[in-house]
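J.: From the sequence below, what's the structure:
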Amino acid sequence: MFFNGQPIALVVAESYEQARHAARRMKATYRTEPHNSDFAIVLDRAQPDPATAKSTARGNPVAAMQTAAVKVEAQYHIPIARAADVEMLDGLLRLKSNPSRSIVITDVMRRNGTNEITETYDSTPSPERAKYASLAHGAQFVEVKVDPDLGTVKVTRVIEVTACGKILNPLASHSQEIGGVVWGIGMALEEATEIDHRYGRIMNANLQHYHVPVNADIHSIETIFVEEDDTIVNPLGVKGMGELGMVGIPAAIADAIFHATGKRVRDLPITPEKLM
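T.: Residues are numbered from 1 along each chain as shown. Okay, the predicted model is just below:
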């Protein structure tokens, strides 16, 4: 045990962990004395000159080692690690520089009478974000076929390209994008809320009359992610997707219909009577 950098007690145990535990249970008390900053008064008690002072050594460690009944020809030493030098992984608290040196976290908690470990971290945006455009973005490419006689529109192919940082779950992310494309097709061609303005009632408030895309309306959909290594937006480089896969699809479909028919329709949904 140390006080102000000076050893005041020695704990002997079978292991380093037991010694640490025993040291924590020890309590040292100190007697206070009035200080004296007058050098002339305390001069007689000052440390003597090492060249003329008599030796104050006590005991003979060499002789004690030679006559000891048991000799241990080894040293057991664990350097004191700072919090920044260790990491938690797989239930272990281990040294970053030497992962083989570890201890089970639950054992440490049990020895110290701790039932839980709680850490609170406040995340704030980096000031660097103000200097860059860090939002997720994407591009949509659509192919449509329009029946010249009936005015019906079929979306035969969609390519959705999105850049939204590091993709943590590719399967769920692709499903999100595909769902956004289907949602956009419904918004562009089918979905509309019909209101009876005489009574203010919704006339198609059920799935029988409110049209949404079904399997026959959906054809080839390809989703592509452009991986980004953006550590300015956050340390992990992840961004939100949300409705990003949907918002550009209705506009892309409307542009494709204009390219095919020469008719610019700006009111959704684009129904056959608007193209006839």
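J.: Tell me where the protein has helices.
T.: 16-25, 61-67, 105-111, 170-189, 244-247, 249-261, 272-275 (DSSP state H).
J.: now those helices as TSV including mean neighbour count, distance to H197 and mean pLDDT?
T.: Every C-beta, even on glycine, is put in place using the N, C-alpha and C of the backbone. Shown next, in TSV, are these (neighbours: other Cβ atoms under 10 Å; distance: least, Cβ to Cβ, whole Å; pLDDT from 0 to 100):
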stretch	mean neighbour count	distance to H197	mean pLDDT
helix 16-25	13	78	81
helix 61-67	9	103	82
helix 105-111	14	66	88
helix 170-189	19	22	95
helix 244-247	20	28	90
helix 249-261	19	25	96
helix 272-275	14	20	94
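J.: Rank the helices and strands of the chain by mean pLDDT and give me the bottom one.
T.: Ranking every helix and strand in the chain by mean pLDDT, DSSP states H and E puts strand 2-3 at the bottom, with a mean of 70.
J.: So, low pLDDT: which residues of the chain?
T.: Residue ranges of the chain with pLDDT under 70: 1, 3-5, 45-56, 72-80.
J.: In contact with the residue nearest to the spatial centre of it, which residues?
T.: In the chain, the centroid-proximal residue (Cα atoms, centre = their mean) is L236; its distance is 5.9 Å. By Cβ atoms under 8 Å, 6 or more residues apart in numbering, the residues touching L236 are K166.
J.: Tell me the spacing between it and M88.
T.: L236 sits 18 Å away from M88 when distances are taken as Cβ to Cβ, to the nearest Å.
J.: what's the answer for S97, then?
T.: 15 Å.
J.: Ok, P127 next?
T.: Counting by Cβ to Cβ - P127 and M88 are separated by 29 Å.
J.: ok, the two, which is more surrounded?
T.: Each of P127 and M88 has its neighbours counted (other Cβ atoms under 10 Å); M88 has more, 11 against 8.
J.: Tell me the bridge partners for the more buried one.
T.: Listed beta-bridge partners, M88: L93 (assigned using DSSP bridges).
J.: Let me know whether it touches I105 as I believe.
T.: Yes - using Cβ atoms under 8 Å, M88 is in contact with I105, at 6.5 Å.
J.: Touching, D85 and R94? I think so.
T.: No - contact criterion Cβ under 8 Å: D85 and R94 do not qualify, at 10.0 Å.
J.: which of the two has more neighbours?
T.: Per other Cβ under 10 Å, whichever of D85 and R94 has more neighbours is R94, with 19 against 13.
J.: Quick check: nearest residue in space to the more buried one, chain neighbours excluded?
T.: S102 (3.5 Å; Cβ to Cβ, 6 or more residues apart in numbering).
J.: circling back: dump the helices of the chain into CSV; add distance to D149 as well.
T.: Below are the helices of the chain laid out as CSV (distance: least, Cβ to Cβ, whole Å):
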stretch, distance to D149
helix 16-25, 85
helix 61-67, 108
helix 105-111, 72
helix 170-189, 18
helix 244-247, 31
helix 249-261, 12
helix 272-275, 10
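J.: ok, the closest residue to H209 other than its chain neighbours - contacts?
T.: Nearest residue to H209, sequence neighbours excluded (Cβ to Cβ, 6+ apart): M203, at 7.2 Å. For M203, the contact set (Cβ under 8 Å, 6+ apart) comprises 194-196, 209.
J.: top of the residues you listed by neighbour count?
T.: Result: I195 is most packed of the contacts of M203 (other Cβ under 10 Å), 13 neighbours.
J.: show me what contacts that one?
T.: Contacts of I195 by Cβ under 8 Å, 6+ apart are 201-203.
J.: Can you report how many residues lie near V11?
T.: Neighbours around V11, by other Cβ under 10 Å: 14.
J.: can you check V238 too?
T.: 16.
J.: That one reaches A136, doesn't it?
T.: No - with contact defined as Cβ under 8 Å, V238 does not reach A136; the gap is 9.8 Å.
J.: Find the residues that touch each one of these two.
T.: G165.
J.: In contact with T124, which residues?
T.: Neighbours of T124 in contact, by Cβ under 8 Å, 6+ apart: none.
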